[in-house]
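> pasted the sequence and its predicted model underneath.
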Amino acid sequence: MTAPMSRRTALLLGAGTLTAAAGCNRFGGGSATADGSTVNMVWWGDAQRAEVTEAALELYRKANPGLKITTEFQSGSAYDDKLAVRFGGGNPPDLLAVRRESLRDFADRGSLLDLATQQDLIKTADIPSGVLNAGKVGEALYGVPGGVTSMGWALNKAVFDQYGIDLPDGKSWSWNDFAALSAEFAKASNKEAYGADYPLDDLLTFGIFVRQHGEDLWTADSKLAVSADVVTAWFQQAVDLRTSGAMPPPGWAESLGPSADQSPIARGLVATQAIPSNSFATFNRAAKQTLDMVWFPGESQATRRGMAIIPGLFWSVTAQSKAPDQAVALLDFLINDVEANKTMGVTRGNPASTVVADAVSGVLEPDDQFANDYVVELSQEELVDPVPDPLGTTELRDLLSTLADEVSFGKTTPRDAGAEFTTKGAEILDSRPR
């Protein structure tokens, strides 16, 4: 008796005669066909990420000649804007990269497919539960981590050498050490270079500082958890650094673009910069291979570790997809295929699957291997499991950004900003469904 063919096997064999083709471009609004012969996939990132992603997808195209995969990408915040246009116009992609802070918003609008109902097409058993649960809302799984990452503190060794300043001990340095180092750079360079210019409005960087102080940004039941005192300390630290000349004035880097090539650390304008660990290769290439990456200041003195292992992004399938089975099968390939992950490296973080992560470790390009080892070493520490981003995270980020600008330009004090963030932040989260 012939065994019945599973949905996964049938899809991997491919059923049509359509020639596989790549259509990688900026957002052009491609869409799937009603017969499921085309999957439109979109993500954010630069041309380098697009290149390695396309190389991985080519493996899938060769194994599935009956499926056409069209791809589109966009850098920075423009990705979110163009994604909103596509959803608003009733023409969403099939498979898409979703930011952590946006997952709940998409899920609560009914825009995403519950992947927990697709377990015959996608394998998630090898993803640690603490990581996989970040993509859940209740029991529904709306996003599968496309990689795991952490924030890192990059050091430009060439800038240190240029001004004759010693590199810090990257595992034991404190925020006071960071302040002293930054002041040393400002003095040695006559303010042509600074120690760092870390973003006050970045939730990931802010979250590390919050956890170092023994608190969390929010609770598992989506309530604001951070105190006004810790928010005040976050802003006050930056004010003190700027007052002493250790950190550049507000608006100093506004003329620089968002890409790694245009970043202050790549251009030698700062000696250190907070970056996602999975972006190390991109930044190091832009800085002409002069970077190292260490832990955040304050980790060894903290009440608890502030750094965490988090999903770099989620892969999701839209509820309106005309080719949901094909999109889910492609998603499975992206997270579980060893050769695909060797090809992509750690551009989106270390593989979320522990089996795949073990298989690719040791065969990556040097910078990717460095970033991989950084996350693996960090994971040996006693870390706090990430609490999934609640509905309203985007508004919290906007509030933090507004207050960061007001503090930076002297329109409000750190203490008033701390009080306003906790009051308005609590209102934002309390007004959202749970």
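That came in fine, so what should we check first? Numbers count the residues shown, from 1 in each chain.
> residue contacts, Ser321?
With contact taken as Cβ atoms under 8 Å, 6 or more residues apart in numbering, Ser321 is in contact with Ala32, Pro92, Asp94, Leu95, Leu113, Ala327. The C-beta positions use only the backbone N, C-alpha and C, and glycine is treated the same way.
> helix/strand/coil for it?
Counting by DSSP: H, G, I helix; E, B strand; the rest coil, the backbone at Ser321 sits in coil.
> what about Lys136, how many neighbours?
Burial of Lys136 is recorded as 18 neighbouring residues (other Cβ atoms under 10 Å).
> so what sits opposite it in the bridge?
Leu141 (DSSP bridges).
> right, and it touches Pro145 too?
No: because the distance of 11.1 Å does not satisfy Cβ atoms under 8 Å, Lys136 is recorded as not touching Pro145.
> so which bits of stretch 90-103 are buried?
Neighbour counts over stretch 90-103 (16 or more other Cβ atoms under 10 Å) mark Pro92, Pro93, Asp94, Leu95, Leu96, Ala97, Val98, Arg99, Arg100, Glu101, Ser102, Leu103 as buried.
> nearest to Thr243, of the residues you listed?
Out of the buried residues of stretch 90-103, the one with the shortest distance to Thr243 is Glu101. That distance is 31.3 Å, counting by Cβ to Cβ.
> nearest spatial neighbour of that closest one, chain-adjacent residues omitted?
Sequence neighbours aside, Thr393 is the residue nearest to Glu101 in space, at 3.8 Å (criterion: Cβ to Cβ, 6 or more residues apart in numbering).
> follow-up on the earlier one: take the contacts of Ser321 and keep only those in helices.
If you go by DSSP state H, the contacts of Ser321 have Ala327 in helices.
> can you list the low-confidence ranges for this protein?
Per-residue confidence of the chain (counting by pLDDT under 70) places the weak regions at 1-36, 255, 434.
> so what are the domain limits for it?
7-147+310-376, 151-309+384-430 (automatic domain parsing).
> quick one: the last one to chain centroid distance?
Meaning domain 151-309+384-430. Averaged C-alpha coordinates place domain 151-309+384-430 at 15 Å from its chain's average position (Cα atoms, centre = their mean, to the nearest Å).
> what residue lies at the spatial centre of the chain?
Of all residues in the chain, the one closest to the mean position by Cα atoms, centre = their mean is Gly312, 3.8 Å from it.
> now do the contacts for the closest residue in space to that residue that isn't next to it in sequence.
Distances taken as Cβ to Cβ, 6+ apart place Gly349 nearest to Gly312, at 3.4 Å, with adjacent residues excluded. Applying Cβ under 8 Å, 6+ apart, we find Gly349 in contact with Pro145, Gly146, Gly147, Val148, Thr149, Pro276, Ser277, Asn278, Pro311, Gly312, Leu313, Val375.
> and if you look at Val360?
Contact criterion Cβ under 8 Å, 6+ apart gives Val338, Asn341, Lys342, Pro351, Asn372 as the residues in contact with Val360.
> hmm, try it at 6 Å
Under the criterion of Cβ atoms under 6 Å, 6 or more residues apart in numbering, the contact list for Val360 reads Asn341, Lys342.
> do Glu395 as well
Taking Cβ under 6 Å, 6+ apart, we find Glu395 in contact with Ile428.
> in terms of helices and strands, where is it?
Applying DSSP states H and E as the criterion places Glu395 in helix 393-408.
> what does the next helix or strand after that helix contact?
Tracing the chain past helix 393-408, the next element assigned as helix or strand by DSSP H and E is helix 414-430. The contact list for helix 414-430 (Cβ under 6 Å, 6+ apart) reads 222-224, 228, 231-232, 235-236, 239, 390, 392, 395-396, 399, 403, 407.
> identify the farthest-apart pair in the residues you listed.
The largest distance within the contacts of helix 414-430, taken as Cβ to Cβ, falls between Ser222 and Val239 and amounts to 30.5 Å.
> thank you, goodbye.
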